[in-house]
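[1] Provided below are the primary sequence and the corresponding predicted coordinates.
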Amino acid sequence: MRRFAALFETLDTTTSTLAKVDAMRSYFEVADPADAAWAVYVMIGRRAKRSVGRALLRAWLSEEAHLPDWLIDETYASVGDLAETIALLVPNDAAVQAQRTDISLNEWLTLRIAPLARLDDADKHRLIVGWWRELPYRECFLVNKLLTGSLRVGVSRSLVTRALAECLGQPRTQIERALIGDWQPSAEFWGKLLRNEANLLIAHPYPFYLASPLEGTPEVLGEREQWLAEWKWDGIRGQVVRRGAHCVLWSRGEEIITDRFPEIVDSALLLPEGTVLDGEILAGAAESILPFAKLQQRIGRRKLTSKILEEIPARFVAYDLLEASGEDWRSQPLRARRRRLERLLLDAQAPVLSLSPIVSADSWEALTVCRNLARSRGVEGLMLKQLDSAYGMGRQRGAWWKWKIDPLVVDAVLLYAAPGHGRRSNLYTDYTFGVWRDAELVPIAKAYSGLTDEEIRRLDSWIRKNTKERFGTVRSVEPVQLFELAFEGISSSSRHKSGVALRFPRILRWRMDKPVTDANTLADLHRFLGEQRRA
């Protein structure tokens with residue numbers, strides 16, 4: 001754990017990409033195989049199962065710190081992270097620390113933390129408090145984060161695979177594919193990674209290629225005829241993997257969602273063996289597209305009833321071919337992949353699998369007209385893909401662009417504020433906004449992004465001086481600050497007091513030029529909802 005704690009310290013305190021890659025490579029070169037596998041697991045964003053609830057940890061902290069609850073709450077509010085608050089406030093036993101032996105990352109996770117799930121609260125209390133007393137600050141912090149399954153390391157997945165590729169002397173594409181899907185960190189897995197044998201599962205998907213947002217007009221991309229235009233579907237990105245006698249459906253989040261969409265899987269079984277398709281899962285039959293909220297209902301259901309399957313049918317719109325007849329096609333140009341995909345789907349005659357249609361327009365000007373019709377079609381805009389490009393990995397800029405329609409906007413009043421996380425844990429950066437319903441302000445959305453660092457500091461100072469009430473770490477404030485919010489869509493919601501839910505809300509600007517009486521009304525939002533339904 002000491003070595004991993006030192007690595008975490010380096011990654012957390014430097015902004016240099018080269019320094020981060022060097023630190024990870026150095027760690028992988030000397031770490032125990034099982035430790036190396038676990039380090040990769042947590043650094044790419046995977047989480048070990050939570051072993052103990054935050055409420056229990058907070059209660060045990062109060063007992064151990066021998067401090068009044070108000071002081072613990074104030075410290076927590078200032079720090080913004082329970083794991084760090086515990087590491088700062090629990091008294092350490094210097095004598096025990098000096099005599100203790102180092103315990104590996106693998107031992108912590110498999111022999112100490114994982115078995116907690118089988119213990120009662122009294123035994124958990126005894127063990128965890130003992131760990132707090134014996135561990136120095138950084139290791140105590142990390143153990144607490146691992147206990148709650150909330151450890152975030154300040155590196156991207158691409159940096160982790162880059163460091164692994166340098167350490168193991170293998171292509172990044174091979175490393176990235178080996179880390180996709182459901183794998184368990186262990187010395188055995190690390191050995192397979194070393195021997196380039198870790199991606200042999202028959203259902204393994206490929207890393208997804210991600211588009212970059214296009215700012216401005218598409219003329220900067222060059223000649224129109226060099227680019228394929230498709231609709232940007234408002235669904236769930238997925239891969240259909242048809243190998244052997246099976247078909248597996250993967251989400252972009254690397255989850256197997258086969259059981260959520262049986263009609264797609266049944267249809268995909270008509271594809272030839274050795275086929276992998278990239279595309280979008282949509283709610284709706286034939287040419288109709290249901291709102292994204294309907295698709296979420298399919299994901300959220302533990303059991304799919306015949307009624308749900310009938311009311312919210314699903315289909316798969318394919319827009320790329322990654323594997324055909326067991327051969328990797330990603331290095332082929334898009335125009336060739338598209339031709340092969342079209343023939344494959346035509347031959348298969350799979351009922352709920354279709355080809356993503358090309359949006360035909362001879363010029364960028366004509367394509368702009370098509371894009372402006374996107375919302376009425378229930379899509380988010382256009383995708384622009386270079387016809388000569390290979391299928392990349394991750395967000396590689398240059399060949400795939402998403403040209404989204406302009407968002408909907410609303411003026412809303414700041415009602416509540418909460419501390420952020422990580423480096424912003426001592427600032428109020430998480431905001432709740434409301435609009436008018438008669439003379440009452442009703443919450444409609446939470447937003448966490450859109451302000452500059454300077455605006456965040458100014459708003460944080462104002463929030464502290466204009467707090468009305470406190471609810472734990474959340475503060476209600478005087479309703480006098482107006483903000484312009486952008487959002488991608490709106491849906492009905494019985495879970496919200498307002499009756500509506502906004503999709504991807506974010507702050508566009510702080511409207512210090514307008515009074516809060518100019519904020520939008522709930523009736524305005526219901527009008528947006530009605531227009532969306534009619535479209």
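    Okay, I see it. Residues are numbered from 1 along each chain as shown.
[2] can you give me the domain boundaries for the chain?
    Domain ranges of the chain: 2-148, 212-404, 408-534, per automatic domain parsing.
[3] tally up the residues packed near the nearest residue to residue 237 once chain neighbours are set aside, please.
    Leaving aside its sequence neighbours, residue 237 sits nearest to residue 252 (C-beta to C-beta, 6 or more residues apart in numbering; 4.1 Å). No exception for glycine: its C-beta is placed from N, CA and C like everyone else's. Using other C-beta atoms under 10 Å, residue 252 has 14 neighbouring residues.
[4] need the contact list for residue 252.
    Applying C-beta atoms under 8 Å, 6 or more residues apart in numbering to residue 252 gives the contacts 208, 236-238.
[5] quick check: the farthest pair among the residues you listed?
    Using C-beta to C-beta, the contacts of residue 252 reach their maximum pairwise distance at 208 and 236, which is 11.9 Å.
[6] for the closest residue to residue 113 other than its chain neighbours, what are phi and psi?
    In space, and not counting its chain neighbours, residue 113 is closest to residue 51: 5.2 Å by C-beta to C-beta, 6+ apart. Recorded main-chain torsions at residue 51 are phi -100, psi -20, according to degrees, to the nearest 10.
[7] let me see the contact set for residue 51.
    Applying C-beta under 8 Å, 6+ apart to residue 51 gives the contacts 113-114, 116-117, 124, 147-149.
[8] farthest pair within those?
    Taking C-beta to C-beta, no two of these sit farther apart than 124 and 149, at 14.9 Å.
[9] where does this protein dip in pLDDT?
    93-99, 198-201, 422-423, 532-535 (pLDDT under 70).
[10] distance of the most centrally placed residue in it from residue 237?
    Closest to where the C-alpha atoms of the chain average out (C-alpha atoms, centre = their mean) is residue 253, at 7.4 Å. Per C-beta to C-beta, to the nearest Å, residue 253 is found 9 Å from residue 237.
[11] which other helices and strands contact whichever strand or helix holds residue 4?
    Under the criterion of DSSP states H and E, residue 4 resides in helix 2-13. Contact analysis of helix 2-13 by 3 or more C-beta pairs under 8 Å, 6 or more residues apart in numbering; DSSP states H and E lists helix 17-30, helix 33-43, helix 137-148 as its packing neighbours.
[12] restricting to C-alpha, output the helix or strand just after the last one in PDB.
    If you walk from helix 137-148 toward the C-terminus, the next helix or strand you reach (DSSP H and E) is helix 157-168. Written as PDB, here are the backbone C-alpha positions of helix 157-168 (Å, rounded to 0.1, in the frame of the first residue of the first chain):
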ATOM      1  CA  ARG A 157      -8.000   5.800 -19.000                       C
ATOM      2  CA  SER A 158      -5.800   6.600 -22.100                       C
ATOM      3  CA  LEU A 159      -2.900   7.600 -19.800                       C
ATOM      4  CA  VAL A 160      -3.200   4.300 -17.900                       C
ATOM      5  CA  THR A 161      -3.100   2.300 -21.200                       C
ATOM      6  CA  ARG A 162      -0.200   4.500 -22.500                       C
ATOM      7  CA  ALA A 163       1.800   3.700 -19.300                       C
ATOM      8  CA  LEU A 164       1.000   0.000 -19.600                       C
ATOM      9  CA  ALA A 165       1.900  -0.100 -23.300                       C
ATOM     10  CA  GLU A 166       5.300   1.400 -22.400                       C
ATOM     11  CA  CYS A 167       5.900  -0.900 -19.500                       C
ATOM     12  CA  LEU A 168       4.800  -4.100 -21.300                       C
END
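[13] now helix 157-168: buried residues?
    By neighbour count on 16 or more other C-beta atoms under 10 Å, the buried set for helix 157-168 is 158-168.
[14] out of those, which comes closest to residue 395?
    residue 158 (8.1 Å).
[15] for residue 85, which three-state class applies?
    Look at residue 85: counting by DSSP: H, G, I helix; E, B strand; the rest coil, its state is helix.
[16] list the residues that contact it.
    Contacts of residue 85 (C-beta under 8 Å, 6+ apart): 61, 72, 75-76, 79.
[17] for residue 124 and residue 149, indicate the residue with more neighbours.
    residue 124 (20 against 15).
[18] that one belongs to a helix?
    Yes: read with three-state DSSP, residue 124 is one of the residues of a helix.
[19] distance of it relative to residue 133?
    Separation of residue 124 from residue 133 (C-beta to C-beta): 15 Å.
[20] contacting residues around residue 166?
    The neighbours of residue 166, taking C-beta under 8 Å, 6+ apart as the test, are 21, 25.
[21] quick check: it vs residue 18, distance?
    11 Å.
[22] output the contacting helices and strands for the helix or strand harbouring residue 295.
    Per DSSP H and E, residue 295 falls inside helix 292-300. With contacts taken as 3+ C-beta pairs under 8 Å, 6+ apart, helix 292-300 sits against strand 275-283, strand 489-492.
[23] give me the contacts around that helix.
    234-236, 257, 260-261, 281-283, 304, 308, 312, 314, 489, 491-493, 501, 503.
[24] just the buried members of these?
    234-236, 257, 260-261, 281-283, 304, 312, 314, 489, 491, 501, 503.
[25] now, among the residues you listed, which is nearest to residue 5?
    Using C-beta to C-beta, these come closest to residue 5 at residue 257, 36.0 Å.
[26] who wins for neighbours among the contacts of residue 51?
    residue 147 leads the contacts of residue 51 on contacts (other C-beta under 10 Å) with 27 neighbours.
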